[in-house]
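**Q** Structure for this input, please:
(one chain, ligands or ions: 1)
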Amino acid sequence: MEDVRRTTAWVVTRASHVKVDSSELEKVVDNIQGSIPKVEWNFEGIHYFDNGPLTVQYLFVLDALNFCFWPDKDLSYDHLALGLKAALQNDKSALDADRLQSYTEMGIKLSKMLGPELRELLKWPRPLPLEEERVRLLHEVGLELERSFKGEAANLVKSCGNSAVTLVALVARYFPGFRDHSLYKGHQVFLYKRAQIFAADLWGAFKGQGYGRFYDMSSITIFADYIIPAVLRQNGVLKYSSALSSSIDSNDEIAPGSEEEVEIRACTIHAVEKMRELIESKFRKQVLSVEMDLWLWSCGVQNPSLQHHRTLSIYY
Ligand SMILES: Nc1nc2c(c(CN[C@H]3C=C[C@H](O)[C@@H]3O)cn2[C@@H]2O[C@H](COP(=O)(O)O)[C@@H](O)[C@H]2O)c(=O)[nH]1
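**A** So this is what the prediction gives:
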């Protein structure tokens, strides 16, 4: 994850649309006295968990589809999690690698999984945002799991040697849909939101044991989605230019890969890394970005009036 830290820090030094406000950042850290309020993984009670390999399959499929809910105002991440959970409770083989690629009825392969099948799986009554991309990513997951990991995401996790950094690298190497990077002023910037969140979800769900045991969780950075930047903007840690502020406040779409979008995401990661460093130097406490993420994210999703940036993206 050094690439994520280094390249996002580089963006911060050149950013013109977004700034990290160090004194506001210090206020946030002082307010909580350097202790991150503890938020339980699955505080919403929406996730599938059976303490075994099927949970790993569930989390991998969940994070393959963990992006872009906002274009449908009634849809949220909770619907995705609850939909996949119900599908598994109903049929333990619902997320098998071959099912992700194809749709079978009475043992006959009819076609690849398509939008309508995905909607049926999630019990969502209308087309999902970026539905064709979601379907394509599911095919990719099913095919590559079958080709390289005997169909099981659990084998992918077993092959990382209890290193979250290796897991993220493996996910990005085998599954192109997880390669969340951008170009900024000619430089490659690494963000890896969904790949890192997969490691964090395993760690959270399995409480740091079994499939969730990683010796290097401190290497993971925060996950640059559309909720965390909105929380950091609201508490003053991120400052946007007036043009960007008014675009976001008027719900204009921000183009994926634009300077504005990359700066929002890179400054988010960097600001949280700075908060971590400050907590360590001022309060002598070690915190994980994953813990910071869960706290900030839970604050964000519990505040429906939060105005977030709108970018059509498969990455977050
Ligand atoms: N940074 C960060 N972003 C996260 C998550 C999660 C869920 N993580 C699970 C892990 C433990 C908890 O118990 C959660 O269930 C989703 N998202 C992002 O939020 C957005 C969805 O928002 P809305 O449209 O309002 O549903 C979308 O970009 C989605 O990718 C997270 O943890 N961190």
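
**Q** list the buried ones in the helix ranked longest in the chain?
**A** For the chain, the helix that runs over the most residues, judged by DSSP state H, is helix 259-283. By neighbour count on 16 or more other CB atoms under 10 Å, the buried set for helix 259-283 is 259-276, 278-279. (Glycine included, C-beta is placed from N, CA and C.)

**Q** Can you pull the residues of the protein lying near the ligand?
**A** Residues of the chain that fall close to the ligand, judged by CB under 6 Å from any ligand atom: 41-44, 66-67, 69-70, 76-77, 197, 201, 204, 223, 225-228, 293-294, 297, 301, 316.

**Q** Tell me who's in contact with the residue most central in space within the chain.
**A** The centroid of the chain falls nearest to residue 194 when counting by CA atoms, centre = their mean (3.8 Å). For residue 194, the contacting residues are 63, 64, 66, 67, 178, 180, 223, 315, 316, by CB atoms under 8 Å, 6 or more residues apart in numbering.

**Q** If we ignore the residues flanking it in sequence, what's nearest it?
**A** residue 63 (5.0 Å; CB to CB, 6 or more residues apart in numbering).

**Q** Same check on residue 1?
**A** Spatial nearest neighbour of residue 1, excluding adjacent residues (CB to CB, 6+ apart): residue 219 at 4.7 Å.

**Q** how near is that neighbour to residue 88?
**A** According to CB to CB, to the nearest Å, residue 219 and residue 88 sit 30 Å apart.

**Q** go on, residue 34?
**A** Residue 34 is 39 Å from residue 88, by CB to CB.

**Q** cool, residue 308 as well?
**A** 30 Å.

**Q** next one: residue 181
**A** Distance from residue 181 to residue 88, by CB to CB: 31 Å.

**Q** Same check on residue 270?
**A** Residue 270 is 37 Å from residue 88, by CB to CB.

**Q** rewinding a little: spell out which helix or strand contains the residue nearest to the centre of the chain, please.
**A** Using DSSP states H and E, residue 194 maps to helix 193-205.

**Q** Where do the strands of the protein begin and end?
**A** Secondary structure of the chain (DSSP state E): strands located at 18-20, 102-105, 108-112, 181-184, 187-190, 238-240.

**Q** which residues are in contact with the fourth one?
**A** Contact partners of strand 181-184, identified using CB under 8 Å, 6+ apart, comprise 11, 14, 188-192, 256-257, 259, 261-263, 265-266.

**Q** Could you give the number of residues near the closest residue in space to residue 214 that isn't next to it in sequence?
**A** Distance criterion CB to CB, 6+ apart; nearest residue to residue 214, sequence neighbours excluded, is residue 164 at 4.0 Å. Residues within reach of residue 164, counting by other CB atoms under 10 Å, total 26.

**Q** repeat for the one 10 residues further on
**A** Counted with other CB under 10 Å, the burial measure for residue 174 works out to 16 neighbours.

**Q** Might you report the residue contacts of residue 5?
**A** Contacts for residue 5 (CB under 8 Å, 6+ apart) come out as 221, 269, 270, 273.

**Q** Now the two most distant members of those.
**A** 221 and 270 (9.0 Å; CB to CB).

**Q** what do these two both touch?
**A** 5, 8.

**Q** Next one: the residue nearest to residue 214 relative to the ligand, how far apart?
**A** Distance, residue 164 to the ligand, by CB to the nearest ligand atom, to the nearest Å: 15 Å.

**Q** show me what contacts that residue?
**A** Neighbouring residues of residue 164 by CB under 8 Å, 6+ apart: 196, 199, 203, 214, 216, 217, 219, 220.
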